[in-house]
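Peer 1: Let me see the structure of the following:
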Amino acid sequence: MPFLSLHDAIEAHVADGASVALEGFTHLIPFAAGHELVRQGRRDLHLIRMTPDLVYDQLIGMGCARRLTFSWGGNPGVGSLHRLRDAVEHQWPRPLELDEHSHAGMAAAFCAGAARLPFGTLRGYIDNDLEHANPRVRRVDCPFTGERLAAVPALNPDVTILHAQRADRAGNVALHGIVGAQREAAMAARRLIVTVEEVVDALPPAMNAIVLPHWIITAVVLCPGGAYPSYAHGFYARDNAFYQRWDAIARDRATFADWMQRHVLDTPDHAAFLASIEKRAA
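Peer 2: From the prediction side, this is the model:
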């Protein structure tokens, strides 16, 4: 398990056409890795995420994605993801295939992938018409009770990318706080890249913590601030003002493209991105 720069980790382990899950539920969202995918010009990605938010809006708007497997998609507390919506409604900058699920359906699919089972089951999709809109939602009968259950295909991303608070020098990673589906997405993946706030000699105990052992991790990247503008519990708060500003930035194609050029494409790494945001705020 090597320690790599973010550039080298993405270059080595994320190819065009890959299925990629950038997971993180409310916090620890791997924005730095998403921006590096944009900088390296990745294309035809199958993006997977339980709750697409700004990082996927950016990837979709920059033409990186051909397909999206997701549950709820939006700008938390604000409204629509305008680049996602533009891709679906107007095929700009390119058409986007949708594979829509509920949160529970995504969780079941990640759990099945982590267990290397072909599909997950759940009591869901009963009082809606999602299974008619998504042919990948099926029905199966329990062989023991006869109960009719929903079935969803397992998710096994080519690459899962996470952000976490800490790694130790052996490459074990610890994250704590709201953990969402990170553990399942990590174990379901063929390769796992984790960006971290700091590297320490020993991982301290924490409430609601998960430790990912070094043998399932492909690369660890030291990347302070790598979850910004989402938050990293114990390190920095969520930048709610950024999420509000993003609504106006993303509404217009030209404004969006200019922002991404200045703050992502013209910055060599995440530290420079953070500096560009701080300069604008000042």
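Peer 1: can you list the weak-confidence ranges in the stretch 151-282 of the chain?
Peer 2: Counting by pLDDT under 70, the stretch 151-282 of the chain contains low-confidence ranges at 279-282.
Peer 1: What segments of the stretch 101-250 of the chain are helices?
Peer 2: 103-114, 130-133, 182-188, 240-251 (DSSP state H, counting those that start in this stretch).
Peer 1: quick one: which of those helices is nearest residue 124?
Peer 2: Smallest distance to residue 124 across those (Cβ to Cβ): 5.0 Å, for helix 103-114. Bear in mind the C-beta positions are built from the backbone N, C-alpha and C, glycine included.
Peer 1: Could you give the separation of that closest one from the chain centroid?
Peer 2: 14 Å (Cα atoms, centre = their mean, to the nearest Å).
Peer 1: For that helix, give me every contacting residue.
Peer 2: 50-51, 69-72, 101, 118-122, 124-125, 137, 150, 152-157, 181, 183-185, 187-189 (Cβ atoms under 8 Å, 6 or more residues apart in numbering).
Peer 1: CA atoms of that helix as CSV?
Peer 2: Provided in CSV are the C-alpha atoms of helix 103-114 (Å, rounded to 0.1, in the frame of the first residue of the first chain):
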residue,chain,number,x,y,z
HIS,A,103,-30.8,5.5,-0.3
ALA,A,104,-31.8,2.1,1.0
GLY,A,105,-31.4,0.6,-2.5
MET,A,106,-27.9,2.1,-2.8
ALA,A,107,-27.0,0.8,0.6
ALA,A,108,-28.2,-2.7,-0.3
ALA,A,109,-26.2,-2.6,-3.5
PHE,A,110,-23.0,-1.6,-1.8
CYS,A,111,-23.5,-4.2,0.9
ALA,A,112,-24.0,-6.9,-1.8
GLY,A,113,-20.9,-5.7,-3.6
ALA,A,114,-18.8,-5.8,-0.4
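Peer 1: What average pLDDT does that helix get?
Peer 2: The pLDDT scores in helix 103-114 average 97.
Peer 1: Show the model's pLDDT score for residue 127.
Peer 2: Looking at residue 127, the pLDDT reads 77.
Peer 1: please begin residue numbering at 309 from this point
Peer 2: OK, 309 is where the count begins now, so the last one is residue 435.
Peer 1: where does it fall, phi/psi-wise?
Peer 2: Main-chain torsions, residue 435, degrees, to the nearest 10: phi -100, psi 30.
Peer 1: what's the answer for residue 350, then?
Peer 2: phi -60, psi 140.
Peer 1: Identify the residues contacting the closest residue to it other than its chain neighbours.
Peer 2: Sequence neighbours aside, residue 372 is the residue nearest to residue 350 in space, at 5.3 Å (criterion: Cβ to Cβ, 6 or more residues apart in numbering). By Cβ under 8 Å, 6+ apart, residue 372 lies in contact with 345-346, 350-351, 353, 355.
Peer 1: Burial check on the closest residue to residue 488 other than its chain neighbours, number of neighbours?
Peer 2: If you skip the residues right next to it in sequence, residue 488 has residue 333 as its closest partner in space, 2.4 Å away by Cβ to Cβ, 6+ apart. Residue neighbour count, defined by other Cβ atoms under 10 Å, stands at 17 for residue 333.
Peer 1: again with residue 405
Peer 2: Residue 405: 12 neighbours (other Cβ under 10 Å).
Peer 1: Hmm, it is touching residue 374, no?
Peer 2: Yes. At 6.4 Å, residue 405 counts as touching residue 374 under the criterion of Cβ atoms under 8 Å.
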